[in-house]
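>>> Here's my sequence, what's the structure:
(2 chains)
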Amino acid sequence: MAKKYYVTTPIYYPNDIPHIGHAYTTIAADVIARWQKLQGKEVFFLTGTDDHGKKIAQAAEKAKLSPKEFTDQLIPKFKDAWKKLNIQYDRFIRTTDPDHEKIVQEILQKVFDNGDIYKGEYEGLYCTGCEAYYTEKDLEDGCCPIHKTKIEKLKEETYFFKLSKYQKPLLDLYKKNPTFISPKHRKQEIINRVKEGLKDLSVSRAGFDWGVPLPFDKDHVSYVWFDALFNYYSATREKSKQKFWPADVHLIGKDILWFHTVYWPAFLLSAGIDIPKTVFAHGWWTFNNEKISKSRGKVINVDELIAIAGVDSARYFLLREASFGEDGDFSEDALIERHNNELANKLGNLVSRTSALAEKYGITKTDKKLLKKLKLKEIEKNLEEFRTDKALNEIFAFIDVCNEYIQDKKPWETKDKKVLNELVEAIREIARLLSPFIPESAEKISEIFKSDNIKKAPILFQKVEDK
RNA sequence: AGCGGGAUGGAGCAGUCAGGUCAGCUCGUGAGGCCCAUAACCUCAAGGUCGGUAGUUCAAAUCUACCUCCCGCUACCA
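Alright, predicted model coming up:
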């Protein structure tokens, strides 16, 4: 049986418009999924939305819809965006899916029976206007940042998860499984914070019903993280999917690293479920070196992203520009520069000149010497470690080698069919390696060089001129 | 305040974990080559005391200590 590979994105909050941040994580997951398929593995790629929570309930009320109707309306925005970006996910899970709700309840019951969930009182700073708790640092002069009203201390009955009990097991886990928190430089941050001690975590809310009811107390619904995190697991409970657990990688943004590397394994340990192999946190995008902020209109949504130079160029840019795990800066100019230079001039032109020469002079079989200069092992290693930028670097370094080769061998002069064949074989491999990143263009290239009867290629990447 | 990250030619970055093969890549600038190709491609050149100081070492961008400046995180927020 083929080896399996399971990759996830976070489940997104459906009230958002899909923007560059969502797109980045999802494209990265798609590239990894496609790459693993290329390695012959059986792949399961999960994405979805987190439909529960008070904010959604309130927004729905405003729109005079039930929360379910409200979220139903929002989901297509995400599905459309992923379709436009050529994302081949295997399942789009929603936290309102019945199979998910059922699993969450089973696990809540199990953890409750273990004694890891107990009833207690949560005391916090509560704003009645927002109907939400705030932490000390959110406040402005002791007032709610939105309503500017005095905030009050409130006690509420709630169920707690014994997170404190898992401090030691978590630290052991990090030690035993060094790649669980990736990239490496984020690990120490989490370890230090866990060492400082863990407080028990409130896992239920009373007073509204838009969530998964606690099986042992129907007046409470599960607090959002308990519900949301388990999506990764519940998607693997149907029979044909069970083999995929534990997940090979959860791709996430660095903002939710804490939840995925502390809460999530603690819940799983308590429920006696295997821990995923890796949680990989990537960085943030800035826009023209400024923080992306919705309020200032500095958001790039998916349509804008695609409009600049096409889907493949957008995919290519995002995975090439940012050192994976680090922050990256997005700008239209930078995207266009990479599109024109790397995709059009280097790759596109190589395909163009090679196909034109091959059409004119033909090719004959050779022993693929040029291909030996491709650092395939490096590329494979980088992709196993989610370093897409480095993998692309290596692939494009090889494209440079091909351009040098053609320059050096002057096949337009020598009409050497062997030289041309070396190039054709090289390009076939380049197309294969690039197919996870730029699926449409890679497919076109493969098509051009499919048989040995090659015709001159049309322009693959039309250059984008200055605006 | 604590914890974590960063500072590398004009711009943007890689290299730091495993010290020497390292000062690399892209853009920009200057000169040349080629004429197959998307005015693309190839070659060469100019440009950096690798944030600062001290140390370890035969050898430091890389390790250690201290300092300066930036950025992020500090938990019930999706």
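
>>> Who are the contact partners of the residue in the stretch 301-450 of chain A positioned nearest to RNA strand B?
Residue of the stretch 301-450 of chain A nearest RNA strand B, by CB to the nearest atom of the strand: A:G348 (1.6 Å). C-betas here are computed from N, CA, C, even on glycine. Applying CB atoms under 8 Å, 6 or more residues apart in numbering to A:G348 gives the contacts A:459-461.

>>> Can you give me the distance of it to A:L85?
According to CB to CB, to the nearest Å, A:G348 and A:L85 sit 21 Å apart.

>>> How is the nearest residue to A:L347 once chain neighbours are set aside assigned, secondary-structure-wise?
Once flanking residues are discounted, A:L347 sits nearest to A:I399: 5.6 Å by CB to CB, 6 or more residues apart in numbering. Taken by DSSP: H, G, I helix; E, B strand; the rest coil, the conformation at A:I399 corresponds to helix.

>>> Count residues in the vicinity of A:E238, would you?
10 (other CB atoms under 10 Å).

>>> In contact with it, which residues?
Contacts of A:E238 by CB under 8 Å, 6+ apart are A:D99.

>>> Would you mind measuring from it to A:T366?
49 Å.

>>> Could you pull out the helices in the stretch 1-150 of chain A for me?
For the stretch 1-150 of chain A, applying DSSP state H, counting those that start in this stretch gives helices covering A:20-38, A:54-62, A:67-84, A:98-113.

>>> Tell me the first helix or strand C-terminal of the least confident helix or strand in chain A by mean pLDDT.
In chain A, the helix or strand scored least confidently by mean pLDDT, DSSP states H and E is strand A:132-134, which has a mean of 62. Next in sequence after strand A:132-134, counting helices and strands by DSSP states H and E, comes strand A:152-161.

>>> and the angle from that following strand to helix A:98-113?
90 degrees (axes from the mean of the first three to the mean of the last three CA atoms, to 10 degrees).

>>> near RNA strand B, anything from strand A:152-161?
No. Using CB under 7 Å from any atom of the strand, strand A:152-161 stays clear of RNA strand B, coming no nearer than 7.6 Å.

>>> helices or strands next to that strand in the packing?
Where contact means 3 or more CB pairs under 8 Å, 6 or more residues apart in numbering; DSSP states H and E, strand A:152-161 is packed against strand A:117-127, strand A:201-202, strand A:204-206, strand A:217-222, helix A:264-271.

>>> is any part of whatever helix or strand comes next after the third one close to RNA strand B?
Just to be clear, that refers to strand A:204-206. Counting by DSSP H and E, the next helix or strand C-terminal to strand A:204-206 is strand A:213-214. No. Under the criterion of CB under 7 Å from any atom of the strand, RNA strand B is not reached by strand A:213-214; the shortest gap measures 14.5 Å.

>>> same for strand A:213-214, what does it pack against?
Using 3+ CB pairs under 8 Å, 6+ apart, strand A:213-214 is in contact with helix A:98-113, strand A:217-222.

>>> chain center to it: distance?
29 Å (CA atoms, centre = their mean, to the nearest Å).

>>> Stretch A:155-171 too?
With CA atoms, centre = their mean as the basis, stretch A:155-171 stands 28 Å off its chain's centre.

>>> ok so, going back, near the residue nearest to A:L347, how many other residues are there?
So A:I399, with other CB under 10 Å, has 20 neighbours.

>>> now swap in A:D452 and tell me
When neighbours are counted by other CB under 10 Å, A:D452 registers 12.

>>> I'd guessed it sits against A:S355; true?
No. Between A:D452 and A:S355 there is no contact under CB atoms under 8 Å: 12.0 Å.

>>> Quick one: name the residues of the stretch 201-350 of chain A near RNA strand B.
So far as CB under 7 Å from any atom of the strand goes, the stretch 201-350 of chain A lies against RNA strand B at A:201-202, A:223-225, A:228, A:254-256, A:258, A:262, A:291, A:323, A:326, A:329, A:334, A:337, A:341, A:343-349.
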